[in-house]
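A.B. asks: Have a look at this prediction, sequence included:
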Amino acid sequence: MPSKGNLGRRMSRRTFLKGAIAGTVSLSAAGSLFGCRNLWGGIFSEDTAKQNVKKLMQAGFDVDEQIVEIYGLEKEYHFVFVNDLHILIPNEEVCEESMEEALDRYENGYMDANGVKSSELWEKMVDAINTLSLDAVILGGDMIDYFSQANLSRLREGCEKLSAPFLYVRADHDYSDVFWPDLSEEIVREAEKTIDSNAEIFHMDFKEFLLVGISNSTSQITDTGLSQLKQLLAEKKPVILIIHVPFDSLVDESLRQASREVWQDRVLLWGYEDTLYQTTDNVREMLDLVYAPDSPVRAVYGGHLHFAHNGMLTETVTQHVFDASFKGTIGHITVKGV
């Protein structure tokens with residue numbers, strides 16, 4: 001999703017400037033069943049979160065701290081969340097007629113308050129993240145602004161340096177061929193596999209709970225993806241759900257209202273009705289799984305909107321939207337027992 005301001009208001013044939021983002025979960029080492037890998041971690045002291053946050057702040061980042069309490073957990077787990085970074089390196093891959101727009105996005109769009117471009121900020125983030133005690137790094141989508149070998153290579157270089165496993169939920173910008181004519185979807189998908197297996201549903205199994213990610217952009221969840229999600233939720237372990245496009249709340253109108261205010265009266269959410277993205281049968285069933293009174297989902301984390309928001313999806317399920325990381329913000333999530 002584009003940043004606010006001129007980029008956010010530009011409406012062209014490029015539909016990826018309008019909205020949602022897809023996600024798929026990734027691991028730094030591929031596992032077996034649709035990307036699952038067993039990670040028995042949680043070996044940290046109670047001060048780990050404080051130390052992690054302190055180190056990130058010392059490195060110059062703003063930190064959005066989130067805590068999930070799950071009944072019965074014996075250990076404490078720590079994650080960082082990076083999303084909507086929009087790595088952008090204009091080069092000869094961009095077609096001539098689009099170069100002016102690509103350069104405008106590079107010069108005016110994606111940088112922190114100090115003017116550091118997203119492509120350089122990513123290197124700084126990786127260095128800071130590698131000083132932390134973590135169970136995993138979550139990449140929440142729109143890590144690159146559009147698909148190109150240059151953008152993907154910069155992202156991949158950082159992923160290869162990460163000392164913790166990572167889970168990469170992709171989004172529409174990660175797949176977008178908007179500035180590169182005649183680029184096939186097959187080429188893009190295969191290139192993305194150089195970072196990980198690029199499946200629709202991935203998860204990490206921490207024995208006490210599951211970290212599950214859904215590829216959820218403007219594209220619909222497939223029959224296969226829905227089946228895999230059902231299998232994971234049927235395990236009845238507590239689930240932390242990672243998405244890119246947030247879900248509409250059943251109990252709170254504030255996120256819907258905030259989206260309208262920021263994004264030209266558009267509700268950039270997945271929901272049952274009156275949201276930008278089409279609710280197909282598969283999407284409705286996905287939402288039913290999350291909203292159900294007996295759902296194992298305890299918390300949902302997303303991005304996409306380029307602002308932070310904390311709220312409830314249902315009476316029992318929380319949802320937090322992280323601000324865009326190109327602004328210099330990193331999320332820190334602690335999962336602990338209660």
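C.D. replies: Arrived safely, thanks for sending.

A.B. asks: per-residue confidence at the most centrally placed residue in the chain?
C.D. replies: Centroid-nearest residue in the chain: Gly140, 1.4 Å away (criterion: C-alpha atoms, centre = their mean). pLDDT recorded at Gly140 is 96.

A.B. asks: isn't it right up against Asp84?
C.D. replies: Yes: using C-beta atoms under 8 Å, Gly140 is in contact with Asp84, at 7.3 Å. For the C-beta atoms, the positions are set from N, CA and C on the backbone; glycine is no exception.

A.B. asks: mind listing what the residue nearest to the centre of the chain touches?
C.D. replies: Gly23, Phe81, Val82, Asn83, Asp84, Val169, Ile242, His244, Tyr301, Gly302, Gly303, Phe322 (C-beta atoms under 8 Å, 6 or more residues apart in numbering).

A.B. asks: Need the nearest residue in space to it, chain neighbours excluded.
C.D. replies: Asn83 (3.1 Å; C-beta to C-beta, 6 or more residues apart in numbering).

A.B. asks: State the distance from that neighbour to Phe147.
C.D. replies: For Asn83, the distance to Phe147 (C-beta to C-beta, to the nearest Å) stands at 17 Å.

A.B. asks: Mind checking which of the two has more residues around it?
C.D. replies: Neighbours were counted for Asn83 and for Phe147 using other C-beta atoms under 10 Å; Asn83 has more, 31 against 23.

A.B. asks: Tell me which stretches of the stretch 51-200 of the chain form strands.
C.D. replies: 62-70, 77-82, 136-139, 166-168 (DSSP state E, counting those that start in this stretch).

A.B. asks: Same list (the ones you listed) but as a markdown table, adding distance to Trp263 and mean neighbour count.
C.D. replies: Below are these laid out as a markdown table (distance: least, C-beta to C-beta, whole Å; neighbours: other C-beta atoms under 10 Å):
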| stretch | distance to Trp263 | mean neighbour count |
| --- | --- | --- |
| strand 62-70 | 20 | 16 |
| strand 77-82 | 21 | 26 |
| strand 136-139 | 23 | 26 |
| strand 166-168 | 25 | 26 |
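
A.B. asks: mind giving me a markdown table with these and columns for distance to Gln220?
C.D. replies: Shown next, in a markdown table, are those (distance: least, C-beta to C-beta, whole Å):
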| stretch | distance to Gln220 |
| --- | --- |
| strand 62-70 | 28 |
| strand 77-82 | 25 |
| strand 136-139 | 22 |
| strand 166-168 | 20 |
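
A.B. asks: Among the ones you listed, single out whichever gets nearest to Thr275.
C.D. replies: Judged by C-beta to C-beta, the one of the strands of the stretch 51-200 of the chain that comes nearest to Thr275 is strand 77-82, at 23.0 Å.

A.B. asks: just checking, what packs against the closest one?
C.D. replies: The contact analysis (3 or more C-beta pairs under 8 Å, 6 or more residues apart in numbering; DSSP states H and E) places strand 77-82 against helix 48-58, helix 118-129, strand 136-139, strand 329-337.

A.B. asks: Out of these, which is the most enclosed?
C.D. replies: Mean neighbours per residue, mean count of other C-beta atoms under 10 Å, is largest over these for strand 136-139, with a mean of 26.

A.B. asks: Pairing partners for that one, with directions?
C.D. replies: strand 77-82 (parallel), strand 166-168 (parallel) (DSSP bridges).

A.B. asks: For Ile89, see how far away the residue nearest to Val188 when sequence neighbours are not counted is.
C.D. replies: Nearest residue to Val188, sequence neighbours excluded (C-beta to C-beta, 6+ apart): Phe147, at 5.0 Å. Distance of Phe147 to Ile89, given as C-beta to C-beta: 12 Å.
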